[in-house]
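**Student:** sharing a sequence plus its predicted fold:
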Amino acid sequence: MSASRTRLLPADAAGIAEAGRLIRDGRLVALPTETVYGLGADATDGRAVAAIYEAKGRPSFNPLIAHVGEPAEALKLGVFDRHAQALADAFWPGPLTLVVPMAEGAGISDLARAGLDTVGLRVPSHPVARALLNAAGRPVAAPSANRSGHVSPTTAAHVLADLDGRIDAVLDAGPTEVGVESTIVACLADAPVLLRPGGVPREAIEAVIGRPLAAPAGEATIAPGMLASHYAPNAAIRLDARDVSPGEALLAFGPDALPGAGRILNLSPSGDLAEAAANLFGHLRALDASGASGIAVMRIPREGLGEAIRDRLARAAAPRT
Ligand code: TXA
Ligand code: MG
C-alpha cells in the first residue's frame with residue numbers, strides 16, 4: 001500500500017481539508033502535533049492501521065495511540081475513573097496520553113489496540129492537529145512518523161527523510177514545540193501508572209491526582225512499544241559525559257559546554273529544559289548525520305521535562321536489540 005510519491009501539504013484550510021479526506025479514504029498522512037509528528041490513519045479501519053506498521057517497518061504490533069480533536073470525543077471512547085477524569089480535565093488538549101478501558105462500541109480497531117481491551121487516548125493541543133482530527137471526523141491512530149528504531153521526527157523534513165514514498169502526505173506546520181512524545185499514564189486500577197515520561201512532567205500529574213505515580217509492574221510492561229532500543233541513532237551515545245573523547249561529537253546542555261569536540265550542538269545554552277526537549281531529536285539527528293563515531297551527552301537534570309529527556313537519551317544509548 002506504499003505511495004509512489006509523498007505530497008507535502010501546507011497547513012492551511014485547503015491542506016487540512018485534503019489531509020482529512022485522505023484519512024477518511026484509509027490513506028496515511030503524517031501530521032504535526034505539539035510533541036512530535038505522527039503517522040496518522042483511520043483508527044477504526046484495520047487495513048489503514050496495518051499500513052502504518054508496513055510504512056514504519058515496525059516488526060511487531062504495538063498498540064497505537066488514538067487521537068481525537070476534542071476532549072468530549074475522547075471521553076466517549078474510554079471508561080474514565082476519577083483519576084483519568086481529573087487528568088483529562090487538567091491536561092487535555094495537551095501532551096498527555098491516557099490508557100483506559102475501551103468503551104463499548106468505541107470502534108477502535110483491534111490492530112490499533114494490538115488486541116488489548118484498553119485504549120491509549122490523546123487530544124493534542126496543536127491547532128493544526130485538532131483541525132485535521134476534526135476534519136477527519138474519526139479517531140486517528142498515530143505513532144511517531146519515523147522508520148521503526150529511528151528517533152522521532154520534529155519537522156516535516158525529518159518525516160520525509162524516513163518515509164518519503166511510503167506514505168501519502170505530510171501536513172507541514174513547521175517544527176514541533178514540545179519535542180518529546182506525550183506522557184503516558186494508565187488509569188486501570190486504583191493507582192495510576194506512569195508508562196512513559198513525556199511532555200507533561202511527573203510533578204504536574206502527581207499534583208492533580210494527589211499521589212505519586214506508580215511504576216509499571218515487572219517485566220511484562222503494558223506499554224510494549226517502550227523497547228530499550230526504540231530511539232536509536234547510529235552513533236554510540238555516552239550519557240552524563242564529563243569530557244569529550246577523540247572522534248566524539250558533543251550534545252551540550254547549559255552555558256558551560258565541555259571543550260574538545262569537533263562538532264557541538266547545545267540543547268539549551270541557558271539550561272532551559274523545555275528548550276532542550278524541543279531541540280532533542282533534531283540535534284541527535286544532526287550529530288548522527290555528521291558522521292561522528294560517538295556522541296557525548298552532558299548531564300541533564302532529572303526534574304520536570306528532564307525525566308523525559310533522560311529517558312529518551314537512555315534508550316538511544318541502550319545496546320541494540
Ligand atoms: O506524543 C506522542 O505520543 C506521539 C504523537 C504522534 O502523538 N505518539 C507516539 O506514539 O509517541 P508511539 O506509537 O511512538 O508511542 C505510543 C506508546 C507505545 O509505547 C505503546 O506501547 C503505548 O503508547 N500504548 C498505546 N496504547 C496502549 C495501550 N492500550 N496500553 C499500553 N500502552 C499503550
Ligand atoms: Mg515512537
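**Tutor:** Noted; the coordinates are in hand. Ligands and ions are numbered 1, 2, ... in the order given.
**Student:** make it CA atoms for all contacts and neighbour counts henceforth
**Tutor:** Will do.
**Student:** CA atoms only: put the longest helix seen in the chain into CSV for me.
**Tutor:** Using DSSP state H, we find that the single longest helix of the chain is helix 273-289. Taking C-alpha atoms only, helix 273-289 is exported to CSV below (Å, rounded to 0.1, in the frame of the first residue of the first chain):
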residue,chain,number,x,y,z
LEU,A,273,14.6,22.1,29.9
ALA,A,274,11.7,23.0,27.7
GLU,A,275,14.1,24.4,25.1
ALA,A,276,16.2,21.2,25.5
ALA,A,277,13.2,18.9,24.9
ALA,A,278,12.3,20.8,21.7
ASN,A,279,15.8,20.5,20.4
LEU,A,280,16.5,16.9,21.5
PHE,A,281,15.6,14.8,18.5
GLY,A,282,16.7,17.3,15.8
HIS,A,283,20.1,17.7,17.5
LEU,A,284,20.5,13.9,17.8
ARG,A,285,19.7,13.5,14.1
ALA,A,286,22.1,16.3,13.1
LEU,A,287,25.0,15.0,15.2
ASP,A,288,24.4,11.4,14.0
ALA,A,289,24.4,12.6,10.4
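**Student:** residues of it that come out buried?
**Tutor:** Within helix 273-289, the residues that qualify as buried are 273-285, 287-288, counting by 16 or more other C-alpha atoms under 10 Å.
**Student:** of all those residues, which comes closest to Asp42?
**Tutor:** Taking C-alpha to C-alpha as the measure, Asp42 lies nearest Phe281 of the buried residues of helix 273-289, at 26.6 Å.
**Student:** from what I see, that closest one and Thr154 are in contact.
**Tutor:** Yes: judged on C-alpha atoms under 8 Å, Phe281 makes contact with Thr154 at a distance of 6.9 Å.
**Student:** list residues touching both of those two?
**Tutor:** Gly179 (C-alpha atoms under 8 Å, 6 or more residues apart in numbering).
**Student:** and the helix or strand that contains His158, what does it pack onto?
**Tutor:** If you go by DSSP states H and E, His158 is part of helix 156-163. Packing partners of helix 156-163 (3 or more C-alpha pairs under 8 Å, 6 or more residues apart in numbering; DSSP states H and E): strand 169-172.
**Student:** so what's the gap between the strand it packs on and the chain middle?
**Tutor:** On the basis of C-alpha atoms, centre = their mean, to the nearest Å, the separation between the geometric centre of strand 169-172 and that of its chain is 17 Å.
**Student:** check whether it comes near ligand 1.
**Tutor:** No: Strand 169-172 does not reach ligand 1 (C-alpha under 6 Å from any ligand atom); its nearest approach is 12.8 Å.
**Student:** for this protein, what spans make up the helices?
**Tutor:** Assigned by DSSP H, the helices in the chain fall at 13-24, 46-56, 71-77, 82-91, 127-136, 156-163, 202-209, 273-289, 306-317.
**Student:** would TSV of those with distance to ligand 1 and mean pLDDT be doable?
**Tutor:** Shown next, in TSV, are the helices of the chain (distance: least, C-alpha to the nearest ligand atom, whole Å; pLDDT from 0 to 100):
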stretch	distance to ligand 1	mean pLDDT
helix 13-24	15	98
helix 46-56	10	92
helix 71-77	12	98
helix 82-91	13	98
helix 127-136	10	98
helix 156-163	12	97
helix 202-209	15	98
helix 273-289	12	94
helix 306-317	11	93
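**Student:** noted, bye for now.
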